[in-house]
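Asker: coordinates only, no sequence provided:
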């Protein structure tokens, strides 16, 4: 499994940042200082560390990076070294027998000085503390979607990437795909006229949501550092309902179906329509109803712990110049779907996840990651003369696009200047869940909810004592 270093939990997050920021002045010199952003010696390879790779997308990211000839994966970090986790990551360790293994990312950064870039694939609630620590040391970062757990964290990461002059990428891999570029070229060409409405939907959650927190307290599996897994969140007892697979369902750790999938499904609309900050959001909840003594109707569950079973969110965006009128974007999850377009042929079904662009002259429909875009009905697609491809295409994978940014070949497509404001927009839908069916008015520049003061507390993150970003 490679070299092991046990975590040292007595190193607090605050102590770590202060110590390492001071030490960086004489212990390490980041590559971007040596030769400008993206500098790499011709004989060098990019040394990559991964934090949170045992379960989920971290493994996929490592597999993609492992295939690149100029990448050297030097260290792996995960709080879970249990038997189940070892089995889940056995293939990765077989491919990387010489990579050092750590449980605590702070210890990894303190002890290992050869890291150029860091993949952050932890649960959502620890994205920011890991990515911020890496950027403060001049390390480039690839952070899984959503970029952050809260709106204010997304803003923090965007500003930090500029301040530390590092190369960044959010893991919404569809943004490097062909579909989003085709859609933008078609909309720019006027294929459906000016777009004023968008419908985005997903088949998620595919995990349980709408529960109260478990009351039983099973033992922590051997090898899992539960305190480190909790990280900056409020402490609660271990339970398999949280780790390893269902943390997305819980407010303390995840961002629900909207946070998980909107960074994919809403991506084409955000990019192609140049949406920027919305001016309002209204979120409606699909409630669970539980029996209530003496009432034939029961009572609605209050979602203080887990995200609701389904949501419908409405975002409004202002006019953005002559070619981009005001837009209403509608989000559906948990089995909720938009109304079937009249233009769709009877034998065709709506995809399980997708987007419909509504223009003054027609409609475009595509699948989850902006895939397979088509004008509807199909007769409109067949009659349409496609414009020339004018937008640059991405060579290789989304991960390669990040590495190419580090080596100075290109600018990553979903860098934080793009994905930070996009993530803020997505997570505003979650803010709306705390104030269901209320129209919240948003001032994106000042990051302020202007009509419901209590909502501003939800915008910001509250870290457990000993943790900060």
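Answerer: Great, that's in hand. Because the structure is predicted, anything quoted here is derived from the model rather than measured.
Asker: make it CA atoms for all contacts and neighbour counts henceforth
Answerer: Noted.
Asker: gap between residue 253 and residue 346?
Answerer: 42 Å (CA to CA, to the nearest Å).
Asker: also residue 366?
Answerer: From residue 366 to residue 346 the distance is 17 Å (CA to CA).
Asker: residues near the residue lying closest to residue 361 once chain neighbours are set aside, how many?
Answerer: Among residues not flanking residue 361 along the chain, residue 192 sits closest, at 4.6 Å (CA to CA, 6 or more residues apart in numbering). Residues lying near residue 192 (other CA atoms under 10 Å) number 20.
Asker: for the one 4 residues further on, same thing?
Answerer: The local packing count at residue 196 equals 18, with neighbours defined by other CA under 10 Å.
Asker: isn't it right next to residue 328, touching?
Answerer: Yes - Residue 196 lies in contact with residue 328 (CA atoms under 8 Å); the separation is 6.5 Å.
Asker: rewinding a little: of residue 253 and residue 346, who's got more company?
Answerer: residue 253 (25 against 7).
Asker: and the more buried one, what does it touch?
Answerer: Going by CA atoms under 8 Å, 6 or more residues apart in numbering, residue 253 touches 123-125, 149, 233, 247.
Asker: what does residue 46 give?
Answerer: Contacts of residue 46 (CA under 8 Å, 6+ apart): 40, 70-72, 116-117, 403.
Asker: most surrounded residue in those?
Answerer: Neighbour max across the contacts of residue 46 (other CA under 10 Å) = residue 403, 28 neighbours.
Asker: OK, contacts around it?
Answerer: residue 46.
Asker: determine the three-state secondary structure at residue 291.
Answerer: Reduced to three states with DSSP: H, G, I helix; E, B strand; the rest coil, the structure at residue 291 is strand.
Asker: how about it, nearest residue that isn't a chain neighbour?
Answerer: residue 298 (4.2 Å).
Asker: quick check: neighbours of the helix or strand hosting that neighbour in the sheet, parallel or antiparallel?
Answerer: Taking DSSP states H and E as the criterion, residue 298 maps to strand 295-300. Strand 295-300 sits in its sheet next to strand 289-292 (antiparallel), going by DSSP bridges.
Asker: quick one, strands of the stretch 51-200 of the chain?
Answerer: Using DSSP state E, counting those that start in this stretch, the strands assigned to the stretch 51-200 of the chain run over residues 71-77, 100-102, 117-120, 140-143, 168-170, 195-201.
Asker: got the contact list for the third one?
Answerer: Translated: strand 117-120. Looking at strand 117-120 with CA under 8 Å, 6+ apart, the contacting residues turn out to be 46-52, 58, 61, 127, 130-131, 134, 139-144.
Asker: redo that, cut-off 7 Å
Answerer: With contacts defined as CA atoms under 7 Å, 6 or more residues apart in numbering, strand 117-120 is touched by 47-52, 127, 131, 139-144.
Asker: next one: the first one
Answerer: For strand 71-77, the external contacting residues (CA under 7 Å, 6+ apart) are 45-52, 65, 99-105.
Asker: how about the nearest residue to residue 303 once chain neighbours are set aside, secondary structure?
Answerer: Computed as CA to CA, 6+ apart, the closest residue to residue 303 that is not its neighbour in sequence is residue 210, at 6.7 Å. Secondary structure for residue 210, judged by three-state DSSP, is coil.
Asker: residue 210 reaches residue 304, doesn't it?
Answerer: No - with contact defined as CA atoms under 7 Å, residue 210 and residue 304 do not form a contacting pair (9.4 Å).
Asker: neighbour count for these two, which is higher?
Answerer: Neighbour count, other CA under 10 Å: between residue 210 and residue 304, residue 210 has more, with 20 against 15.
Asker: and the nearest residue to residue 370 once chain neighbours are set aside, what does it touch?
Answerer: Among residues not flanking residue 370 along the chain, residue 179 sits closest, at 5.0 Å (CA to CA, 6+ apart). For residue 179, the contacting residues are 370-373, by CA under 7 Å, 6+ apart.
Asker: relative to residue 234, how far out is residue 179?
Answerer: Distance from residue 179 to residue 234, by CA to CA: 40 Å.
Asker: ditto for residue 357
Answerer: In terms of CA to CA, residue 357 sits 40 Å off from residue 234.
Asker: on the three-state scheme, residue 357 is what?
Answerer: strand.
Asker: for this structure, identify the residue most remote from the centre.
Answerer: Largest separation from the mean C-alpha position in the chain: residue 294, at 44.0 Å (CA atoms, centre = their mean).
Asker: ok, that one - contacts?
Answerer: Taking CA under 7 Å, 6+ apart, one finds nothing in contact with residue 294.
Asker: longest helix of the chain, counting residues only.
Answerer: helix 416-433 (DSSP state H).
Asker: average model confidence for it?
Answerer: Predicted confidence along helix 416-433 averages 98 (mean pLDDT).
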